[in-house]
Structures are given as structure tokens and as C-alpha cells.
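A.B. asks: Take this sequence and fold it.
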Amino acid sequence: MAKINANEIKPGFILDHDGGLWAAVKVDHVKPGKGGAFAQVELKNLRDGRKLNERFRSEDKVDSVRLERKDQQFLYETDGILTFMDTETFEQTELSSDLLGDRRPFLQDGMTIMIEYFGDEALNVALPPKVTCRIAETEPVMKGQTAAKSFKPAILDNGVRVMVPPFVGPDELIVVNTETMEYSERA
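C.D. replies: I've put the predicted structure just below:
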């Protein structure tokens with residue numbers, strides 16, 4: 001672990017603070033007219049998801065942690081446990097599906113994802129930013145509806161409900177943004 005000054009903290013940094021691993025979500029550097037400068041940091045616990053707002057003076061030292069990132073291939077799921085394989089060493093890793101949360105339906109067989117490790121502990125799973133899905137059902141186009149700023153509901157083959165433009169129909173492939181869970185483009 002490297003010690004850094006609190007004024008060097010940026011969003012995305014991983015800190016060892018208060019006996020846990022925390023990700024800096026939002027950072028505001030403040031220099032008031034009276035008193036010393038400080039960093040107001042919103043932290044998220046990587047193990048249990050708790051949030052914490054912490055104020056660090058600019059001269060404070062914090063422990064910065066580097067996570068090891070590995071590309072892994074998704075193999076299968078059994079009873080809420082996801083099994084991944086390291087594409088270089090062929091070692092298998094089992095993780096809880098809770099790590100993905102509401103993005104779980106976008107995980108597809110054979111998909112390569114990135115897992116962040118602290119030592120041997122997997123802390124975070126990152127899906128590709130965009131995934132191709134098939135539309136299972138959607139409403140027909142209504143006459144007079146234009147493509148400008150109008151959307152209709154659609155259900156994807158993985159059960160996720162998204163809003164799509166009126167020109168998209170059933171059985172079409174679309175690209176969905178996995179972070180915002182919104183329609184991006186036609187595939």
C-alpha cells in the first residue's frame with residue numbers, strides 16, 4: 001500500500017480506511033477563506049456497499065490500494081454462484097451473483113468480464129460497457145408517432161425491461177448500455 005496526501009485523492013481511487021477497503025466515489029477539494037484546505041470524499045465500501053462521507057485535511061496521509069484486474073470468462077451459474085475461468089491459467093473462480101446486482105441478466109454464457117482482486121478476494125465484477133440483446137416483445141408502432149424523443153417499452157430475451165425507439169420491433173438485436181441499462185443502438 002502506498003501513502004498519498006489527501007489532496008491527491010480522485011474518484012475511482014481505492015483506499016484502506018477505517019479497517020476496510022473503500023472506493024472514492026465523489027471528491028470535492030475545498031479551500032475555505034479561513035482555515036486549511038480539505039478534501040470532502042464520498043466513499044463506498046467494496047465489501048458490503050456501505051457509504052461514508054469523510055473529510056480529510058490536505059496534510060493527512062491515506063493508504064492507497066491497487067487492485068489486481070484479471071479478465072475471466074463466464075462458464076455457468078449454479079444456485080446463485082457464478083463460475084468464471086481465468087483465460088490464462090484456466091483456474092476457476094466462484095463468486096456470488098449478488099456481486100453483479102441488477103446487472104446480472106446481462107451476463108451471457110462465454111462472456112469475458114473483468115474481476116478486481118485484493119489478494120485472493122474478488123471485490124468487483126465489471127461487465128462490458130455494451131451488450132447485444134434480442135427483443136422478446138414490444139408494442140407495435142402507433143401511427144403518427146415520430147422518432148424524435150418518443151420511446152416505447154420493450155422486454156428483452158433476458159427479462160429486462162428497457163425503453164426503445166418506435167422503429168424497433170420484436171426479434172431485433174439491440175445494443176444495451178450495462179451501466180445505465182438503457183437502449184444504445186441497433187446491433
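A.B. asks: The most far-flung residue of the chain relative to its centre: which element?
C.D. replies: Distance from the C-alpha centroid of the chain, by CA atoms, centre = their mean, peaks at Lys34 (38.8 Å). Here Lys34, judged by DSSP states H and E, is contained in no helix and no strand.
A.B. asks: What residues are bridge-paired with the one residue sitting closest to the centre of the chain?
C.D. replies: Nearest to the mean C-alpha position of the chain, by CA atoms, centre = their mean, lies Ala126 at 5.4 Å. Per DSSP bridges, the residues bridged to Ala126 are Met114.
A.B. asks: how far away is it from Glu137?
C.D. replies: From Ala126 across to Glu137, the span is 30 Å (CB to CB, to the nearest Å). Using the backbone N, CA and C atoms, a C-beta is placed for each residue, glycine as well.
A.B. asks: Name all residues that make contact with the nearest residue to Glu182 once chain neighbours are set aside.
C.D. replies: Excluding the flanking residues, the one nearest Glu182 by CB to CB, 6 or more residues apart in numbering is Val162, at 6.3 Å. Taking CB atoms under 8 Å, 6 or more residues apart in numbering as the criterion, Val162 is in contact with 153-154, 156, 176, 181-183.
A.B. asks: so what pLDDT did Met142 get?
C.D. replies: Met142 is assigned 68 on the pLDDT scale.
A.B. asks: what does Ser96 give?
C.D. replies: On pLDDT, Ser96 comes in at 85.
A.B. asks: Could you list the buried residues of stretch 108-120?
C.D. replies: For stretch 108-120, burial by neighbour count (16 or more other CB atoms under 10 Å) applies to 113, 115-116, 118.
A.B. asks: now stretch 43-58
C.D. replies: Neighbour-count burial for stretch 43-58 flags 43, 45-46, 54, 56 (criterion: 16+ other CB under 10 Å).
A.B. asks: Now the two most distant members of these.
C.D. replies: Farthest pair in the buried residues of stretch 43-58 (CB to CB) is Leu46 and Phe56. Separation: 18.4 Å.
A.B. asks: Which helix or strand contains the residue nearest to Glu182?
C.D. replies: Using DSSP H and E, Val162 maps to strand 161-164.
A.B. asks: what's downstream of that strand, the next helix or strand?
C.D. replies: Downstream of strand 161-164, the first helix or strand assigned by DSSP H and E is strand 173-177.
A.B. asks: Which other helices and strands does that next one contact?
C.D. replies: Packing contacts for strand 173-177, counted by 3 or more CB pairs under 8 Å, 6 or more residues apart in numbering; DSSP states H and E, involve strand 130-138, strand 182-186.
A.B. asks: Sheet partners, orientation included, of it?
C.D. replies: Paired neighbours of strand 173-177 in the sheet (DSSP bridges): strand 130-138 (antiparallel), strand 182-186 (antiparallel).
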